[in-house]
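>>> Sequence first, predicted model second:
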Amino acid sequence: MKTLVLEYRRWGISHRCVRVVPESWAELTPQQFLQVAALYRQEVEPERFLATFFGLPARLLDDYQLYSLTKLTEFLGDCRVRLDRFILPSLGRLRAPGVRLKGITFEHFMLADTAFSRYVRDGLDASLDHFVSLLYLLPAEHVVLPPDARKGLFSHPKVLNPARRRKQLAREDRTAKYAIFLNYVFVRCWLSHSFPWLFPTDDGPDNPPDRRQKPASHTVNWLDIFDAFVGDNVAQMDKFRQMPATTAFRLLNRRIRDAQTKKR
């Protein structure tokens with residue numbers, strides 16, 4: 001974090017504004033992140049964005065001050081960011097996944113990631129709503145009914161109703177939903193760094209990322225990967241589905257790495 005001091009005069013009176021300035025995506029507040037998402041969607045002019053982002057009076061900023069503020073936000077042009085958490089903790093009553101995807105099962109992740117890939121392909125509002133509906137849930141809500149709950153006579157777990165949730169999300173602010181999508185891209189970058197064999201990228205010494213563009217994410221055929229993961233252990237299928245997502249990633253990443261190493 002940096003400290004920004006802005007001094008100006010209004011009606012002959014000196015004013016002094018002191019602001020704490022983020023230096024990375026991880027330091028953004030939820031409000032600032034929403035403003036960045038609005039900028040990415042070209043919903044706000046750059047000058048208005050700077051004033052709102054820093055909480056400063058827009059009409060009093062001169063060209064030099066606007067230039068200086070722009071320099072302080074240059075890091076926002078680099079989307080090759082690794083984040084293991086969601087900056088927006090909630091969307092209405094819905095809650096984001098925990099840090100390092102805590103609380104997300106392997107099956108839950110496969111469904112959400114497949115919806116993410118669909119939105120990347122078609123860019124439709126309905127696809128964005130579907131993706132967000134699978135990622136942000138009510139407290140103690142499940143995307144798929146856990147096997148343990150199916151056997152209980154008196155348990156009544158909350159299970160997501162996708163159609164109803166998508167209808168509800170259609171009324172939510174699209175900028176907030178786009179911010180969640182953008183944040184997931186950063187989570188995908190973290191996954192590529194942590195589990196490079198399972199989440200490969202095109203980055204390399206001969207193919208550096210273009211910082212002017214959003215990072216591309218590989219589409220993964222999770223059905224084939226899950227089938228290979230289960231193998232002949234069909235009786236343990238529910239166990240694999242309900243495994244914490246990062247645990248499954250660690251095991252799969254090692255399997256793929258070992259298999260590729262043997263081929264060399």
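Nice, I can see it.

>>> Need the residues that contact the helix or strand containing residue 126.
In the assignment (DSSP states H and E), residue 126 maps to helix 125-135. Residues outside helix 125-135 that contact it (Cβ atoms under 8 Å, 6 or more residues apart in numbering): 91, 96-97, 108, 111-112, 115-116, 118-119, 143, 160, 162, 165-166, 169-170, 172, 174, 177-178, 180-181, 184. For glycine as for every other residue, the C-beta is placed from the backbone atoms N, C-alpha and C.

>>> Give me the ChimeraX select line for these, limited to the buried ones.
ChimeraX command restricting the contacts of helix 125-135 to the buried ones, with burial defined by 16 or more other Cβ atoms under 10 Å:
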select :91,96,97,108,111,112,115,116,118,119,143,160,165,166,169,172,174,177,178,180,181,184
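
>>> from the contacts of helix 125-135, which ones fall inside helices?
Counting by DSSP state H, the part of the contacts of helix 125-135 found in helices is 108, 111-112, 115-116, 118-119, 162, 165-166, 169, 174, 177-178, 180-181, 184.

>>> Would you state the helices of the stretch 1-150 of the chain in chain order?
Using DSSP state H, counting those that start in this stretch, the helices of the stretch 1-150 of the chain run over 30-40, 46-54, 63-72, 106-122, 125-135, 147-151.

>>> Report the inter-axis angle for the first one versus helix 46-54.
It refers to helix 30-40. Put simply, helix 30-40 runs at 170 degrees to helix 46-54, going by axes from the mean of the first three to the mean of the last three Cα atoms, to 10 degrees.

>>> Who are the packing partners of helix 30-40?
If you count contacts as 3 or more Cβ pairs under 8 Å, 6 or more residues apart in numbering; DSSP states H and E, helix 30-40 packs onto helix 46-54, helix 174-194.

>>> pull the CA atoms of that helix into CSV?
Taking C-alpha atoms only, helix 30-40 is exported to CSV below (Å, rounded to 0.1, in the frame of the first residue of the first chain):
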residue,chain,number,x,y,z
PRO,A,30,-14.6,-4.9,-2.9
GLN,A,31,-15.8,-1.4,-3.9
GLN,A,32,-12.6,-0.6,-5.9
PHE,A,33,-12.8,-4.0,-7.6
LEU,A,34,-16.3,-3.3,-8.8
GLN,A,35,-15.1,0.1,-10.1
VAL,A,36,-12.4,-1.7,-12.0
ALA,A,37,-14.9,-4.1,-13.5
ALA,A,38,-17.0,-1.2,-14.6
LEU,A,39,-14.0,0.3,-16.3
TYR,A,40,-13.2,-3.0,-18.1
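
>>> list the buried ones in it?
For helix 30-40, the neighbour count (16+ other Cβ under 10 Å) marks 32-40 as buried.
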